[in-house]
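> dropping the sequence and predicted coords here.
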Amino acid sequence: MSTISTQLRNFKEPTKEQLTQLFFALPPPLDPLEGEKSDVDQLEKMEISAVLVLQDEQSWPGKLYLYPPYLAFASLDRKSTRFTVPLSTIRRVERLNARAGVYALSLSLWHGVKIVVQLTSLRPTADLFCSLLRDSLKVELTRGRMKSVKSFVKSCYSEVLVMTAENEEKDGAAAKAEDGGPANESIYHGGLGLKFKFPGDPKKLREASKTKLWTNYLRAHGRNLTLLRYPQCTRLVQVGLPNRLRGEMWETLSGSLYLRYENPGYYERLLEENSGRVNTSTEEIEKDLHRSLPEYSAYQSEEGIASLRRVLQAYSFKNPETGYCQAMNILAAAILIYMSEEQAFWLLEVICGRLLPGYYSPSMHGTLLDQRVFESLVQRCLPIIHDYFQQVDVQLSVASLPWFLSLFINSMPMVFAFRIIDCFFCMGPRVLFQVGLAILKINGEELLRIQDDGGFIQLMRRYFATLGDSAHPNSSDPRARAITRFQELLLVSFREFAIITDDTILTERRKYRSEIISSIESFSKRSAIRNLRTLARFSKDQAGLIYDALFKAICIAPPTSVAFPPPSLLTTKDNAEERPETRIELKTFKVFLSEICTWARDEKIVRNGFQQRIDREVADHELIDRLFFFWDISYRGALSFQALDLVSGLDGVMFNDLMENIEWFFNLHDKNKDGYLTKDEVLTLSESLLFIFRYEIGDAYLGAVSRFMSNAFEYGDALLPRPEDANTDDDTPPQIESNQPYMNLATFRMVVLADEILESFFESDFSSTFRLQPVPLELPSSNSGLLGGLWHNITSDDNRKIFNSFTDQIGRTIGKHQVYHRPAIGKYTTLEEPKARESLLTPTMRPAAEGSPKDPSSPSSTSSVSPSSSSQLGAEPSATMTPLTPMPSMFQAAAQAAAYMERTPFAIDDAKDEDEDTEDESGFEDDGVLDEVDAFLEEHDTGLTEAEREVAKGLLLIL
């Protein structure tokens, strides 16, 4: 897989309000195409207990929901009676003069249907509901949506059907002139079946009888936008939908009709805006076009292929993360037989997004989850078959997965598959489980004789091929012989397995979701590692740990959504759009690095008397930013696992030896890659070292960085080229800009190797800070103590922060709050004083001001030490740093510490031969020298205590 998706981990159970919207198939509250809908979103939602009263005085208690811009009702059992109507279809609302204590409303809808609703709540609640309903109707009137109803309903075949029936009642001759005419057929939306004929024999399918039954129902109980769904509606759906009405009823029962109503012209604009676009999805679509129901005549012509292409491409453009997935072509090809392109586009959106979430996605997690649920239901309802399958090692999903994925279209004749799809849109996804269980039950005896997966598949094929045959061919009862195997299948499905409800499916999905997520992520991880071009010096297990760290970082700080690049001006076969892949930006990279590198995170061990925990925070420093761009060798501003940016980057630092680490660190800070560090880059490198050592115990590492800075600038100044005409007696180093080349790799390597601590760091400590360890998605609990049990019950990050803050405050109050920073290296566990710096310059390289006098007779070589001259000697180490640019405040303390630690080279310390002339020394008097030293110490007090001063004076007296 080229992308790393965390969608499964981010899944959240829908709220009660979301479940209600899904039940009534309400479209999303805000569509980006219509900013005017913001007024609707500000309207308040409300639900109220009510009783729906029919014209025959039959009543249905339930709840009335106001979800602007829709009004919905559902009976208490949530399956007998319900409706969803746009507020724009309500023509009139009036309160009836009912008996005392009854609050009744009469709603007149667009198609002349009247709904009487009794509000059974308290009077103030009923008044509030009416007030909100009035406000919502006013908003719809202001938006002008009520005017759009007339033009929209003309696109529905039910309008032609009912109008034709009414005309036939009035004047049969006039009706014949209008019925089936080209004008009517050109108005309403229809599928490819209008031209290429619908599957099946109309006489055998009893099209005329079905059409008559549905015409009577639609006239009495509304149609399209105002359809009221009573028990009779479900029974008619189970009998079957007429071919010409099927497409409209599919979108009405599924709710895609409301999406088409709310977004007029969206489909055409989407295709126009993406015209000529070529990407991975469009390429995959082209491959599957001619494999989509090839037996149907429409898909043997360019017209049918073009319609299918446009629908699939439009869906991939609208949903770039999903794009095009397996079996989507079969589904789209089937619904296009009965629906127009626009209708099919919105129905496909509802199927993939709401009815079957996750079925048509790269991971197919929805399909796998429902296969696990189906297996659980088989174990519960058909235990004998389940146990036998376990015994002979037959995989149930071998046959059942295509059933669910193609809605039985690929498994059984289309005329029967469409009957199941009718029930699917009417009753929901539970129909797939009920039909699947019924298939296994009907074929139970033969299933107990199969021995392998091949026998299972062959048995199912033979059964599906005989669905049109009599279920009881040897029965003496003609009515029993007339029952087909398909009718038997529906009967067993909806009677014997009526216990399978929507709540059953939701409960089982919750139960097995984590199991499926774990298996999918494990498979994705193996695929990603297997598809790597090279593992470099890592093993597969180590590459898996890198993947785990990256996956956790994406969960915590998700990168920008994966999208297809814009279309190229010139697109050839060799220059198509790149495959989308997950690339992490700097924000996600910091989290990723904190999981692998110890100095890239701040770990605090907190103890407050109640618990001990480890708080981990992602560090933020220029070194991490520099490392991110150093690994971005393709200059995309993002890193990828598949492009080996992360693998190659870690390989280049985790397996290095001493010299390779020194060179790697040098190149990391060589911004322009010219082989030299400028003075500013030397300071930045020192900052990076201080950042890595920030939590180490003692001052050993601080002293090492201080010595590094002094040695680097001292040796760097000494090696600077002098102009040819420069005065040889002038010891002042040449002045260069802070951004000019200053130090090469050889000099940097020598300065590092001169310090034992830095040498040890680059030899082993630095590489050891990169640690590949198992990374659980949920951070392990490290707390213990009195409130340890309560901690496990707190899962929310916000609650965790509140709890930690509360316990910390109590710990501070009782004096038991302690915080320890975990060091990145942890090599030194005791306080150690820094070592004094020794100059790296040989006596021939040192300036004369640091060494012996050039001329003993010259005034500058006098041995009399005055306070001023002593001050100059004391400041001599910093004099070497004179050409430097001002250091950042972060290094002031380090620079001062280096000055105090350094031992100043004096001329008196220079080694000489024993027979060397000591005539110059005769002029000195010991008392004068001691007086000078006392004056120097008194004038340059470096913070010594009184006791230290007394000790120093005692030492001087001994001298």
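Perfect, thanks for sending it.

> distance of Asp680 from Ser634?
27 Å (C-beta to C-beta, to the nearest Å). Every residue, glycine included, has its C-beta placed from N, CA and C.

> the more surrounded of those two?
Higher neighbour count among Asp680 and Ser634: Asp680, with 16 against 12, using other C-beta atoms under 10 Å.

> mean confidence (pLDDT) on the helix or strand hosting that one, please.
Per DSSP states H and E: Asp680 is located in helix 679-692. For helix 679-692, the mean pLDDT works out to 92.

> with stretch 610-623 instead?
Averaging pLDDT along stretch 610-623 gives 88.

> what residues sit buried inside that stretch?
Across stretch 610-623, burial judged by 16 or more other C-beta atoms under 10 Å covers Phe610, Gln611, Arg613, Val618, Ala619, His621, Leu623.

> okay, buried residues for the longest helix along the chain please.
Taking DSSP state H as the criterion, the chain has its longest helix at helix 502-530. For helix 502-530, the buried set under the neighbour-count rule, 16+ other C-beta under 10 Å, comprises 502, 505-506, 508-509, 512-513, 516-517, 520-521, 524-525, 528-529.

> correct me if wrong: Ile517 contacts Gly358.
No. Under the criterion of C-beta atoms under 8 Å, Ile517 makes no contact with Gly358, lying 10.8 Å away.

> between those two, which contacts overlap?
His365 (C-beta atoms under 8 Å, 6 or more residues apart in numbering).

> heading C-terminal from the helix or strand containing Phe433, find the next helix or strand.
Assessed by DSSP H and E, Phe433 sits inside helix 430-442. Scanning forward in sequence from helix 430-442 by DSSP H and E, the next helix or strand is helix 444-447.

> what residues does that following helix touch?
With C-beta under 8 Å, 6+ apart, helix 444-447 has contacts from Leu382, Ile384, Ile385, Tyr388, Phe389, Leu440, Phe456, Leu459.

> one more pass at 10 Å, please.
382, 384-385, 388-389, 394, 439-441, 455-456, 459-460, 462-463 (C-beta atoms under 10 Å, 6 or more residues apart in numbering).

> looking at the residues you listed, which are in helices?
384-385, 388-389, 439-441, 455-456, 459-460, 462-463.

> could you pull out the strands for the stretch 201-350 of the chain?
With DSSP state E, counting those that start in this stretch as the criterion, the stretch 201-350 of the chain has strands at 228-229.

> how about the helices in it?
Listed in chain order, the helices of the stretch 201-350 of the chain (DSSP state H, counting those that start in this stretch) span 207-221, 231-239, 243-254, 256-262, 266-273, 280-288, 302-318, 328-336, 341-350.

> any chance of these in a markdown table, plus distance to Pro14?
Formatted as a markdown table, the helices of the stretch 201-350 of the chain follow (distance: least, C-beta to C-beta, whole Å):
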| stretch | distance to Pro14 |
| --- | --- |
| helix 207-221 | 30 |
| helix 231-239 | 24 |
| helix 243-254 | 18 |
| helix 256-262 | 19 |
| helix 266-273 | 25 |
| helix 280-288 | 28 |
| helix 302-318 | 22 |
| helix 328-336 | 24 |
| helix 341-350 | 16 |
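
> need those in a markdown table (columns: mean pLDDT and distance to Gly366).
A markdown table is the format used below for the helices of the stretch 201-350 of the chain (pLDDT from 0 to 100; distance: least, C-beta to C-beta, whole Å):
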| stretch | mean pLDDT | distance to Gly366 |
| --- | --- | --- |
| helix 207-221 | 94 | 32 |
| helix 231-239 | 94 | 24 |
| helix 243-254 | 96 | 17 |
| helix 256-262 | 95 | 18 |
| helix 266-273 | 95 | 24 |
| helix 280-288 | 93 | 19 |
| helix 302-318 | 96 | 16 |
| helix 328-336 | 96 | 13 |
| helix 341-350 | 96 | 14 |
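
> compare the ones you listed and give me the one nearest Leu535.
Closest approach to Leu535 among the helices of the stretch 201-350 of the chain (C-beta to C-beta): helix 280-288, 25.9 Å.

> which of the residues in the closest one are buried?
Thr280, Ser281, Thr282, Glu284, Ile285, Asp288.

> quick one, strands of the stretch 1-150 of the chain?
Under DSSP E, counting those that start in this stretch, the stretch 1-150 of the chain gives strands at 46-53, 59-67, 70-75, 82-86, 90-95, 103-109, 114-119.

> now do the end-to-end distance for stretch 752-763.
End-to-end distance for stretch 752-763: 11 Å, by C-alpha to C-alpha, to the nearest Å.
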